[in-house]
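have a look; sequence and predicted model below, questions after that.
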Amino acid sequence: MIAIKNAKVVLETGIIFDGVILIEDDRICAVGPARELEIPACATCVDANGAYVGPGFVDIHVHGGNGHFFYSEPEQAAEHFLSHGETTVLATLYYDLSREEFLESVRRVKAAMGTGAAKAIGGFYMEGPYMNPKYGASPEKNKWRGPIIKDDYQEILEEAGDLAKVWAVAPEREGIEPFVRDAKAAYPGTTFAVGHSEASPAQVYKLRKYGLRLQTHCMDATGRPDVMRGTRSCGPDEACMGDRDMYAELVCDSCGIHVHPDMLRMVLENKGVDRLILMSDSIVSYGDSPEHLRHIEDLVFDANSLLSGSKLTLDIACRNMMQHTSCGICQAFLMAARNPARVIGMDDEIGTIEVGKKANLVFVDDLFHVQKVMLEGNFWQK
Ligand SMILES: [Zn+2]
C-alpha cells in the first residue's frame, strides 16, 4: 500500500488541504483529511510536500509530440505526454492517412497498448477521415475527398473497434449519415464530434441521435456558409453554443492564437465549466512560423506556415486557461481530466480522485509545474 500525505488533494467538489490518499495495487482505496484518515503501519509513505495532487490529465485529442507521432511511435509519444501528467491519451489519427495507413497505424498502436508508458493510451480519436477539405483538411494531403463508401471505411471501423472512442466528422459531407449509423450500430459507446466543418446547426443536430455531442477544437478550423456579405449565418461553433449538452474542445495556447482570450472567456461563460474540454491537439510538424508569431513556443505550423496544431501538454494548457480566464485550479482539473473522461465514457475508471478509481495522479505546484506522475499505482520514471 502507498500513502500519499501532506497533499492538497483536488477533488471534483473542492480541495482537501491536508489530504491523504491511500493506494492499493492500481486503485485508490481511501481519500480524506489527515485528521480523519489513519495511515496503516504497513503503508509506504510518500510526502507530497504540499503539492496539489489531482487526477491524471485525460488528453482526448493528441497526435504526437516531442518528435514522435502516436501512429508511428506510440510508446515514445506516450512517454512524452505521461511525463507531463497525461495518464490517459487518445492516439489521434488524421485524415491525411490513407486507408492502408489507418489500418497499419491502428494495429501498431494496439500492439503497444498495455505496457510501459503506452498503458496511458486509452484508445483512438479519429479526426477524420471524412472532413471538409475547406477547413484545415488541406486538399493536397486529403485522400478522402471522394464519395463516402462503406468498403473504404468498414475495415478501419472493425480494426479500431470500441477503441475508437471518438470519430470526428464534417456533417455536411454527402453520405456521412450511413457511416455514422454503421459506426454507432457496431460500437454503441462511440462518441461523434463535429470538426473541420461548415455544417449548419440543423446538419449537426441531425447526428445527435447517433451520439454526436462534442465539437472538435471549438472556434478553430470551422466556417459558416454566409448567405450575403455583411450577414452572419451559423456553423458548428454556433451549433455547439446552442446545445447545452454538447462538449467543446479548446486548444488553449499561451498567447490565445488558436482561440483568442476574449473568445475563451465567452465560450466559458456560454458552455460553463462542465461542458469544456482542454485538449492539446499537439502534433509534430516543422514548418516555419510567420514572423510575427515566431516568439510563441507552443504553436505548430505546416509547410505553408499555416497554424496546424500545438506543442501543448495539458499541464501547460491548464496554466494558460487560468491565465486567460477566471478559471481556478479545481476547474482546470475538471476541464482537463473529468470532462474528457466523461465524454469518452471512461469516467467510471478515471478523471477524478475517488475510491475505486485507477490511481492515476499528477502532482503539481500552483503554476501547474508537474512534480510527480502516478500511472495505475506506480510512480512514472523514465
Ligand atoms: Zn487534431
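It's in. This one's a predicted model, so the numbers in the text were calculated from it and none came from an experiment.

can you pull out the strands in the stretch 51-200 of the chain?
Secondary structure of the stretch 51-200 of the chain (DSSP state E, counting those that start in this stretch): strands at 52-55, 57-62, 64-65, 68-69, 86-94, 121-127, 164-169, 191-194.

most tightly surrounded among these?
Among the strands of the stretch 51-200 of the chain, strand 57-62 has the highest mean neighbour count (mean count of other Cβ atoms under 10 Å), at a mean of 30. Where C-beta positions appear, they are placed from N, C-alpha and C, glycine not excepted.

mind checking pLDDT for whichever residue of the stretch 251-382 of the chain sits closest to the ion?
Among all residues of the stretch 251-382 of the chain, residue 281 sits closest to the ion, at 4.4 Å; criterion: Cβ to the ion. Each residue has a pLDDT score; the one for residue 281 is 96.

try residue 223
According to the model, residue 223 carries a pLDDT of 89.

for residue 171, see how far away it is.
13 Å (Cβ to Cβ, to the nearest Å).

can you count the residues close to residue 103?
By other Cβ atoms under 10 Å, 16 other residues sit near residue 103.

nearest spatial neighbour of it, chain-adjacent residues omitted?
Excluding the flanking residues, the one nearest residue 103 by Cβ to Cβ, 6 or more residues apart in numbering is residue 159, at 5.5 Å.

residue 107 is in contact with that neighbour, correct?
Yes. Residue 159 is within contact range of residue 107, at 6.7 Å (criterion: Cβ atoms under 8 Å).

these two: which has the busier surroundings?
With neighbours defined as other Cβ under 10 Å, residue 159 and residue 107 compare such that residue 159 has more, 17 against 12.

residue 331 and residue 273, how far apart?
Residue 331 is 5 Å from residue 273, by Cβ to Cβ.

so which bits of the protein are right by the ion?
Contact residues (Cβ under 5 Å from the ion) of the chain with the ion: 127, 281.

swap the cut-off to 8 Å and go again
Proximity of the chain to the ion (Cβ under 8 Å from the ion) is limited to residues 61-63, 92, 94, 125, 127, 195, 216-217, 281, 283, 309.

give me the lowest-pLDDT entry from those.
Lowest pLDDT among the residues of the chain next to the ion: residue 309, 86.

what about that one, neighbour count?
Neighbours around residue 309, by other Cβ under 10 Å: 29.

and what of the one 3 residues further on?
For residue 312, the number of neighbouring residues by other Cβ under 10 Å comes to 28.

which of the three states applies to it?
Assigned by DSSP: H, G, I helix; E, B strand; the rest coil, the conformation of residue 312 is coil.

what about the longest helix anywhere in the chain, distance to the chain center?
For the chain, the helix that runs over the most residues, judged by DSSP state H, is helix 99-112. With Cα atoms, centre = their mean, to the nearest Å as the basis, helix 99-112 stands 20 Å off its chain's centre.

buried stuff in it?
For helix 99-112, burial by neighbour count (16 or more other Cβ atoms under 10 Å) applies to 102, 103, 105, 106, 109, 110, 112.

who has more neighbours, residue 331 and residue 273?
More crowded of residue 331 and residue 273, by other Cβ under 10 Å: residue 331, with 19 against 15.

show me what the host helix or strand of the more buried one is packed up against.
Assigned by DSSP states H and E, residue 331 falls within helix 329-333. Identification of packing neighbours for helix 329-333 by 3 or more Cβ pairs under 8 Å, 6 or more residues apart in numbering; DSSP states H and E yields strand 2-10, strand 52-55, helix 314-324.

just the helices from the stretch 251-382 of the chain, written as ranges.
In the stretch 251-382 of the chain, the segments counted as helices under DSSP state H, counting those that start in this stretch are 261-271, 314-324, 329-333, 339-343.

how about residues contacting the last one?
By Cβ atoms under 8 Å, 6 or more residues apart in numbering, the surrounding residues in contact with helix 339-343 are 58-60, 88, 166, 191, 213-214, 247, 274-279, 347, 349-352.

rerun at 10 Å
55-61, 88, 90, 122, 165-166, 191, 193, 213-214, 246-249, 273-279, 314, 333-334, 346-352, 357, 360 (Cβ atoms under 10 Å, 6 or more residues apart in numbering).
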